[in-house]
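1. Give me the fold of what follows.
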Amino acid sequence: KMAAPKIKTLSKRNAAAIQAGVVIPQLDRIIVELVQNSWDADATLVDINLRNDNTSLSVADNGHGITFSNLKTIGSLACSSKRDPTQSSQPTFGFRGQALHSMQVYAVLTIEARDPTSHRCYQKCMYEGQTLSFEPMSQRVTGTKITLANIYGNLPVRRRQLARFKLQPVVTALASLLFAKQRGKVTIVSTKDTVTRVTLDYRNDLQFMCSQLEDPAWTPRLFAVNGDHPVFKLEGLLANQGHTSSSHQYISVNGRAIQSSFVHDHVRQLFKKSLLGRVSEYEGGKLLRSRSPAHHPVFVLRITCNPHLLDITLEPSKTAALFSNLDELEQALNDVVVKFLDAHLLRALSAASDLSESPKRPDVTASPESVASKTLQKLSPLKRFLQANTRSDAAPAAPEVAIKLRHVTPCHDDAVDSEDDDDMAWQGQMPKLAPIAKPKTGKLTRFKFDSKVFETLQLHGQVDNKFILCSIRLDGRSLLCAFDQHAVHERVRVEDLEQVCYHTNDQNPFVESKALSEPYFMSLDARDRRLAEKHAELLVQHGLKYVCTDDGISLTNLPLALLPFEDADSTTRRFSTSPVKLKYIIKALLVEPARAWNIPPLIQDVLNTRACHGAIKFGDPLSKEDQTNLLEQLSACKLPFQCAHGRPSLYPLVDLTLASQV
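-> Model prediction:
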């Protein structure tokens, strides 16, 4: 037998190389770390110079410099003069004492600094953990200058990657830092191939964002926002229009820039859900909808909170953050962002629309907040948007038609003829047909439907493989109606499933239960186990039989509704209850086992889903015989005029009696 290998301590050189590869994996990370050190030294000007095919780098600043005692230990592992970000309300960018130590592992590191106490200048040179020189300088420097030579000289593969180095990611990262710092000027000069010079000069949010967007026309589209939440204070800048690039989204927490966080995702989702996210621009009194899915929100948000509420030390780049109270943060974001989006959406729609029926239009010169507070409760943004984009010569809106069912009375909403149907993401599936005419008295005619309509029904045929066209006689009038073939079959199927599983049509309904081939164990916590022991006999009425154990319950019988049927086709078999949903349903029954349900709501949802996925779809052709059989089955249903999910199955189209009089 081979002897077990002995655990050995890595050499200091290998350990340092491994750690350095994690802390500064790329050149852009080196630049960002050095700029952060300059800002921690209260620098306002930073000059970056890339030379020799990006193998040499220098970063100079006008900060307060480095004291002689600190210069002795600088570059050593885990040595730092920075403040702990978890304890200070004004944390520094650096805090780990790893960046400079990692840089001197892969490059010759030279530090030139002014001692603020004696105003003398010193130079220190380091490489691979060794101090090559440490001496006074005759040449004076303003603050600190860091020079790296022969970068990645001992890593040939990574050194070849320097030739493909792109400057734009560095510019984006530094812009994010400037938004967080709210002051400073950075100049980057690269001499690779051609001389490239980039200057980032922060004066205020509006000026700097426009410089990043490279378009001064964005100035009137950017607005300052703020919010005082009890836990999280927010301030910054939001744009009322989207941009084709997603790189103009900046978040900082307690003065530290973060990337790809919960905050970014939540703000994007709020913008996406708002109708403002679908608007490209509005001008000339017309609202233009965005035709490109690549419109992204533009924002700068600074979050201030107690440092104990977040963790920013999760990864080497120090740009990640986890919050201990996401619910409070989400509420703070909603208070600021949703208010802004609603206010500016209403302002945009007010400027774009010309509603003649409105006795008084909102004051578009007023602030967005005042416009929102006056009009938000009166008119929904979606309705205003539709009205602003409706042709002036459009057909009159259909009158409200109440369809009286046995237990429910759904109403059809007003129909609107859109200017551009293909672009409207919210367009309905019903074809636009002539509305039911008004009688000469000017009052709406209301038709009440019940099962008697099937006695006078005359079948005409299938339309577009989606609807079954029929005419019926009701209250002395002849109506042209359309049955939704999917909704009709879904209603037939769900009532069949209810009868099979719960015998709802019998004089004494009962739950159909089925024994499992082998017991199924389900783990429960202490509270649910106590409920299971207490309500074991009551749950038999729901088709559940089980044996209580120390860790949960062992199921022996389940209601048939929660099991795949033996004759189920491949479509419905895919939607049999998953173990996760089964546990959720059983735990809900444990809470209210004695409630007088015909069918428990969660189990009804299972039946509705099975009925829907196994029903006839739009696009399925039906013969005349199939249409007749389907309507005959519908006439025997308890609720024939709605599908399992509540959508109408019958649409009245035209009053043929009135149409014949025109």
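
2. any idea which residue sits dead centre in this structure?
-> Residue closest to the mean C-alpha point of the chain, counted by C-alpha atoms, centre = their mean, is residue 269 at 3.6 Å.

3. distance of that residue from residue 57?
-> Distance, residue 269 to residue 57, using C-beta to C-beta, to the nearest Å: 39 Å. From N, CA and C alone the C-beta is placed, and that goes for glycine too.

4. Residue 446 now?
-> Per C-beta to C-beta, residue 446 is found 79 Å from residue 57.

5. Please identify which of these two sits among more neighbours.
-> It is residue 57, of residue 446 and residue 57, that has more neighbours when counted by other C-beta atoms under 10 Å, with 21 against 13.

6. Leaving out chain neighbours, which residue sits closest to that one?
-> residue 148 (4.6 Å; C-beta to C-beta, 6 or more residues apart in numbering).

7. How about the longest strand anywhere in the chain, which residues are buried there?
-> Longest strand of the chain, by residue count under DSSP state E: strand 513-523. Going by neighbour count (16 or more other C-beta atoms under 10 Å), the buried part of strand 513-523 is 513, 514, 522.

8. Which of those residues sits closest to residue 3?
-> residue 522 (48.0 Å; C-beta to C-beta).

9. in the sheet, who's paired with that closest one?
-> Residue 522 has these beta-bridge partners by DSSP bridges: residue 553.

10. Relative to its centre, which residue of the protein is most distant?
-> In the chain, residue 138 marks the outermost C-alpha relative to the chain mean, sitting 57.7 Å out by C-alpha atoms, centre = their mean.

11. In terms of helices and strands, where is it?
-> Secondary structure here is read from DSSP states H and E; on that basis residue 138 sits in neither a helix nor a strand.

12. what's the answer for residue 606, then?
-> Assigned by DSSP H and E, residue 606 belongs to helix 601-613.

13. Quick one: name whatever helix or strand follows that helix.
-> helix 624-635.

14. That next one - contacts with which helices or strands?
-> strand 458-463, strand 467-474, helix 485-502 (3 or more C-beta pairs under 8 Å, 6 or more residues apart in numbering; DSSP states H and E).

15. Where does pLDDT dip in the stretch 151-300 of the chain?
-> For the stretch 151-300 of the chain, the stretches with pLDDT under 70 are 275-294.

16. repeat that for 80
-> For the stretch 151-300 of the chain, applying pLDDT under 80 flags the ranges 154-155, 192-194, 213-218, 241-242, 259-261, 272-295.

17. At which residues are the strands of it located?
-> 184-190, 196-202, 222-228, 233-239, 249-253, 256-258, 279-283, 286-289, 299-304 (DSSP state E, counting those that start in this stretch).

18. which of the buried residues of strand 513-523 lies closest to residue 131?
-> Nearest to residue 131 out of these is residue 522 (C-beta to C-beta; 65.2 Å).

19. Mind listing what's buried along the helix holding residue 606?
-> 602, 603, 604, 606, 607, 608, 609, 610, 611, 612.

20. Nearest residue to the last one in space, please, no chain neighbours.
-> Looking back up the chat, that one is residue 612. Spatial nearest neighbour of residue 612, excluding adjacent residues (C-beta to C-beta, 6+ apart): residue 490 at 5.3 Å.

21. and that neighbour, what does it touch?
-> Residue 490 is in contact with 611, 612, 615, 643, 644, 645, counting by C-beta atoms under 8 Å, 6 or more residues apart in numbering.

22. can we see that at 6 Å?
-> 611, 612, 615, 643, 644 (C-beta atoms under 6 Å, 6 or more residues apart in numbering).

23. Report all helices and strands that the helix holding residue 606 contacts.
-> Using 3 or more C-beta pairs under 6 Å, 6 or more residues apart in numbering; DSSP states H and E, the elements in contact with helix 601-613 are helix 485-502.

24. relative to strand 458-463, how tilted is the helix it packs on?
-> Per axes from the mean of the first three to the mean of the last three C-alpha atoms, to 10 degrees, the angle that helix 485-502 makes with strand 458-463 is 110 degrees.

25. got the CA positions of stretch 331-350 in PDB?
-> In PDB, the C-alpha atoms belonging to stretch 331-350 read as follows (Å, rounded to 0.1, in the frame of the first residue of the first chain):
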ATOM      1  CA  GLN A 331     -39.400  49.700  -0.200                       C
ATOM      2  CA  ALA A 332     -36.900  52.600  -0.200                       C
ATOM      3  CA  LEU A 333     -36.200  52.100  -3.900                       C
ATOM      4  CA  ASN A 334     -39.900  51.800  -4.700                       C
ATOM      5  CA  ASP A 335     -40.600  55.100  -2.900                       C
ATOM      6  CA  VAL A 336     -38.100  56.900  -5.100                       C
ATOM      7  CA  VAL A 337     -38.100  55.100  -8.500                       C
ATOM      8  CA  VAL A 338     -41.800  54.300  -8.800                       C
ATOM      9  CA  LYS A 339     -42.800  57.800  -7.800                       C
ATOM     10  CA  PHE A 340     -40.400  59.200 -10.400                       C
ATOM     11  CA  LEU A 341     -41.600  56.900 -13.200                       C
ATOM     12  CA  ASP A 342     -45.300  57.500 -12.500                       C
ATOM     13  CA  ALA A 343     -44.800  61.300 -12.400                       C
ATOM     14  CA  HIS A 344     -42.800  61.500 -15.600                       C
ATOM     15  CA  LEU A 345     -45.000  59.000 -17.500                       C
ATOM     16  CA  LEU A 346     -48.000  61.200 -16.700                       C
ATOM     17  CA  ARG A 347     -46.100  64.300 -17.700                       C
ATOM     18  CA  ALA A 348     -45.100  62.800 -21.000                       C
ATOM     19  CA  LEU A 349     -48.600  61.600 -21.800                       C
ATOM     20  CA  SER A 350     -50.100  64.900 -20.800                       C
END
